[in-house]
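**Q** Predicted model and sequence below, questions to follow.
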Amino acid sequence: MILKENHSLSNYNTFKINVKAKKFVEIKSIDELKIVVENYSEEKILFLGGGSNVLFTEDYDGLVVYLNLKGKSLKEIDSDFSEVTANAGENWNELVNYCLENNLGGIENLSLIPGNVGSAPIQNIGAYGRELKDVFISCEVFDLENFSFKTYYLEDCQFEYRNSIFKKHKNLIVVSISLRLSNHNHVINSSYGGIEKELENKGIDKPTIQDISKVVCQIRKRKLPDPEKIGNAGSFFKNPVVNMKKMESIKKKFYDIPHFKISDTEYKIPAAWLIEKAGLKGKVFGKIGIHKTQPLVLVNYGGGHGKDLFKLSISIKEIISKIFNIDLETEVNII
């Protein structure tokens, strides 16, 4: 391990915000993790993975620990299912491809989600009708408060829509995850986000998990900017959930508002529709803006500042609240 001082974090966050860490260290093993925690327990510490869900608004006055823990494996549970285990530093989409190569089904709808494996349970990542919790077995966690390792099973993680116990308790550091995936007789989910239409256009009526992944990747590439080309962290806001009474009230003024029933009393509304309806889609403000095809995505066109992106997000929230009486919730972690 090499401890660096005043180290730029522009290559460690997908917004490409050029802030500096007072101290920075990259760790590649559990032993190195233990050494860092033991020696810098009094420091202000931030653990960073792929940096795909974070917005830096200023330099970090503490120690940034880049979790670059690699390694993945699989073992058969029974004739129908296998368990895949991956360390926190593995790239999420590379893990998806690894599973597809082994014909393991369950996370194909989560193809091309940016970031590393360690952040997947923190956010309970999801896309196109699937969430991590649908295939989750457990994760290995290091607790900074008592310097111990513990296994968190599905019921321990308190998974909700883009939320978990790990988002609430920053002392819990995910070091690996284990997933339960199907060996055959895969359950295909093609009913969400235009997947069926895309399959029809390709003349595919009996899609494989590989077909689903390819289609999801094509849709995402069309709708979302590539973080390698334009700085962004994917969806900046969560889709708001409202009760039946509020839904009926909104429909009186906005009869065409799309909504999806998620329970007997709750509806989910696409935040992207709200932002576009408010006339904000594609707006550019100097070096930052709202993406031209996906208004859920805030972008850094180059040289933008995190504080300006944060201010933009606050303005969007205020406008949506004023027009629709809906409070948007930020999905990205603000630092």
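**A** Now that the structure is in, tell me what you want to look at.

**Q** How far does stretch 40-53 stretch from one end to the other?
**A** End-to-end distance for stretch 40-53: 25 Å, by Cα to Cα, to the nearest Å.

**Q** Neighbours of N185, how many?
**A** Look at N185: counted by other Cβ atoms under 10 Å, it has 7 neighbours. C-beta: built from backbone N, CA, C; applies to glycine.

**Q** A helix includes A120, no?
**A** Yes - counting by DSSP: H, G, I helix; E, B strand; the rest coil, one finds A120 located in a helix.

**Q** tell me the contacts of the nearest residue to it once chain neighbours are set aside?
**A** Using Cβ to Cβ, 6 or more residues apart in numbering and skipping the chain neighbours, the partner closest in space to A120 is L132 (5.3 Å). By Cβ atoms under 8 Å, 6 or more residues apart in numbering, the residues touching L132 are 107, 110, 120-121, 124-126, 159, 179.

**Q** Got the phi and psi for L132?
**A** phi -60, psi -40 (degrees, to the nearest 10).

**Q** so how far is G302 from it?
**A** Separation of L132 from G302 (Cβ to Cβ, to the nearest Å): 32 Å.

**Q** Neighbours of the closest residue to Y40 other than its chain neighbours, how many?
**A** Nearest residue to Y40 in three dimensions, chain neighbours excluded: L63, at 5.4 Å (Cβ to Cβ, 6+ apart). Using other Cβ under 10 Å, L63 has 19 other residues around it.

**Q** cool, and the one 10 residues further on?
**A** As a burial measure, the neighbour count of S73 was computed by other Cβ under 10 Å and equals 11.

**Q** ok, it touching T85?
**A** Yes - contact criterion Cβ atoms under 8 Å: S73 and T85 qualify, at 5.3 Å.

**Q** Compare the contacts of L132 and tell me which is most surrounded.
**A** Ranked by neighbour count (other Cβ under 10 Å), those have A120 at the top, with 28 neighbours.

**Q** Test my guess that that one contacts W92.
**A** Yes - A120 is within contact range of W92, at 6.0 Å (criterion: Cβ under 8 Å).

**Q** Residue ranges in this structure under the pLDDT threshold?
**A** Of all residues in the chain, none has pLDDT under 70.

**Q** tell me, what residue is most central in it?
**A** The centroid of the chain falls nearest to I125 when counting by Cα atoms, centre = their mean (4.9 Å).

**Q** check contacts around that one.
**A** Contacts of I125 by Cβ under 8 Å, 6+ apart are 92, 110, 113, 115, 119, 131-132, 162.

**Q** Pull the lengthiest strand in the chain out as PDB, backbone CA atoms only.
**A** In terms of residue count, the longest strand belonging to the chain (DSSP state E) is strand 172-182. Backbone C-alpha positions of strand 172-182 (Å, rounded to 0.1, in the frame of the first residue of the first chain) are rendered in PDB as follows:
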ATOM      1  CA  LEU A 172     -20.800  -1.300   7.600                       C
ATOM      2  CA  ILE A 173     -18.400  -1.900   4.700                       C
ATOM      3  CA  VAL A 174     -19.400  -4.500   2.100                       C
ATOM      4  CA  VAL A 175     -16.400  -6.600   1.000                       C
ATOM      5  CA  SER A 176     -18.200  -9.400  -1.000                       C
ATOM      6  CA  ILE A 177     -21.600 -10.500  -2.100                       C
ATOM      7  CA  SER A 178     -23.200 -13.900  -2.900                       C
ATOM      8  CA  LEU A 179     -26.100 -14.400  -5.300                       C
ATOM      9  CA  ARG A 180     -28.400 -17.300  -6.100                       C
ATOM     10  CA  LEU A 181     -28.800 -17.700  -9.800                       C
ATOM     11  CA  SER A 182     -30.600 -20.300 -12.000                       C
END
